[in-house]
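K.L.:
Fold the following for me, if possible:
(chains A, B, C and D)
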Number of protein chains: 2
Amino acid sequence: MKLSTKGRYAVMAMVDLARHAQAKPVSLSDIATRQEISLSYLEQLFARLRRAGLVKSVRGPGGGYRLARGSAETRVSEIILAVDEPISATRCTEMGATGCRADRSKCLTHDLWEELGNQIHMFLNSVTLMDVLERKLTTRFIEAPPAAANSDSMAAAS
Amino acid sequence: MKLSTKGRYAVMAMVDLARHAQAKPVSLSDIATRQEISLSYLEQLFARLRRAGLVKSVRGPGGGYRLARGSAETRVSEIILAVDEPISATRCTEMGATGCRADRSKCLTHDLWEELGNQIHMFLNSVTLMDVLERKLTTRFIEAPPAAANSDSMAAAS
DNA sequence: TTTAAATCCGAGCAGCCCAGTTGGTTTTTG
DNA sequence: CAAAAACCAACTGGGCTGCTCGGATTTAAA
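P.N.:
The predicted structure follows:
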């Protein structure tokens, strides 16, 4: 889960697409002007989205893009995974299955990043385009600070 | 919450520091060789960590760094905030308080990124250095996929 | 049938940040 | 004094991002 601005642009565009979905497909130039993203950049993003099966294209004048599935069936996580390179975090980069597990001293933080990645993915996977449109963001995660609530850090100095 | 590899290096180093904490302070060159991070880069990171009040330095031979607080009182979120530039996400960049709220059409995704940022921060804020050392990662978040469990996406194509 | 709207495609490019290097200076122990 | 360490500032190569340019293909409308 890469989580760069590139993915954000893609999500913005897809939300825009879902919002303006009608009988006619939506052209990229419309999205470009509405979202203030360069047309050519959008083209590159939608090339990936199409290959990932998230949108369908209609060529020729009056053409454009449509969601391949419904807005309630398209998850934000899919969009980001489609446009961002996979890139496995954690430094102990894919050196085989157990490569990093071998010497634990170097990868003490391995589990941490893995778990963080899971958290992010599960959150984004729980949000659909429709959720974003209707601003129904699932705040069903995390209820209260675990223990010894530190309020907001940045306190104790010297 | 920037969440780059830079922050990961800092956390790796801090975990290493917490692990090898004894009577004597830990030198950066020790951490550098153990974690395979360049010494000078570590110096830059620890300069920030020191300014943030997370570590204390001891100069001269036999010197090094110590955690300013205990490993159970140092949260991962603090480390990342210390080394990464703040950088406000969401494109509608800090144009005043209500700047982005003004035209909602452009910032349909605003709430999404904000909520995602909250999720990440809350997770990292719930993990201390001691938690990482003892591999007690709080899996107290998220219990089950919300609804219509889609297992793992990447399925439906044409 | 021509025209033009749109998707498609590939190459290239300026700017930024990351991770690291270099070359010091200061402090402090032995 | 010598050496170990923290400190400090400037610079650099490479990679990614967001974008531009110049096309080509498809196809609806005129």
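
K.L.:
For chain A, which segments count as helices?
P.N.:
A:5-19, A:28-35, A:39-51, A:76-83, A:110-125, A:129-133 (DSSP state H).

K.L.:
then the lowest-mean-pLDDT helix or strand in chain A to CSV, C-alphas only?
P.N.:
Between all helices and strands in chain A, the lowest mean by mean pLDDT, DSSP states H and E belongs to helix A:110-125, at a mean of 89. What follows is helix A:110-125, C-alpha atoms only, in CSV (Å, rounded to 0.1, in the frame of the first residue of the first chain):
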residue,chain,number,x,y,z
HIS,A,110,9.1,-5.6,10.6
ASP,A,111,5.9,-6.6,12.3
LEU,A,112,5.1,-3.0,13.0
TRP,A,113,5.1,-1.9,9.4
GLU,A,114,3.3,-5.0,8.3
GLU,A,115,0.5,-4.4,10.8
LEU,A,116,0.3,-0.7,9.8
GLY,A,117,0.0,-1.8,6.2
ASN,A,118,-2.9,-4.0,7.2
GLN,A,119,-4.6,-1.3,9.1
ILE,A,120,-4.4,1.1,6.1
HIS,A,121,-5.6,-1.5,3.7
MET,A,122,-8.5,-2.6,5.8
PHE,A,123,-9.6,1.0,6.3
LEU,A,124,-9.4,1.9,2.6
ASN,A,125,-11.0,-1.4,1.7
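
K.L.:
tilt between it and helix B:110-125?
P.N.:
Using axes from the mean of the first three to the mean of the last three Cα atoms, to 10 degrees, the direction of helix A:110-125 lies 160 degrees away from that of helix B:110-125.

K.L.:
Tell me which other helices or strands helix A:110-125 touches.
P.N.:
Applying 3 or more Cβ pairs under 8 Å, 6 or more residues apart in numbering or on different chains; DSSP states H and E, we find helix A:110-125 packed against helix A:76-83, helix B:110-125. C-beta: built from backbone N, CA, C; applies to glycine.

K.L.:
quick revisit: so which of the helices of chain A gets nearest B:V11?
P.N.:
helix A:110-125 (7.2 Å; Cβ to Cβ).

K.L.:
is DNA strand C contacted by that closest one?
P.N.:
No: residues of helix A:110-125 are not located near DNA strand C by Cβ under 7 Å from any atom of the strand, the shortest gap being 12.7 Å.

K.L.:
which parts of that helix are buried?
P.N.:
A:110-113, A:115-116, A:118-125 (16 or more other Cβ atoms under 10 Å in any protein chain shown).

K.L.:
Dump those residues to JSON lines, plus distance to A:P25.
P.N.:
Output for the buried residues of helix A:110-125, formatted as JSON lines (distance: Cβ to Cβ, whole Å):
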{"residue": "A:H110", "distance to A:P25": "45"}
{"residue": "A:D111", "distance to A:P25": "45"}
{"residue": "A:L112", "distance to A:P25": "44"}
{"residue": "A:W113", "distance to A:P25": "40"}
{"residue": "A:E115", "distance to A:P25": "41"}
{"residue": "A:L116", "distance to A:P25": "38"}
{"residue": "A:N118", "distance to A:P25": "36"}
{"residue": "A:Q119", "distance to A:P25": "36"}
{"residue": "A:I120", "distance to A:P25": "31"}
{"residue": "A:H121", "distance to A:P25": "30"}
{"residue": "A:M122", "distance to A:P25": "32"}
{"residue": "A:F123", "distance to A:P25": "30"}
{"residue": "A:L124", "distance to A:P25": "26"}
{"residue": "A:N125", "distance to A:P25": "27"}
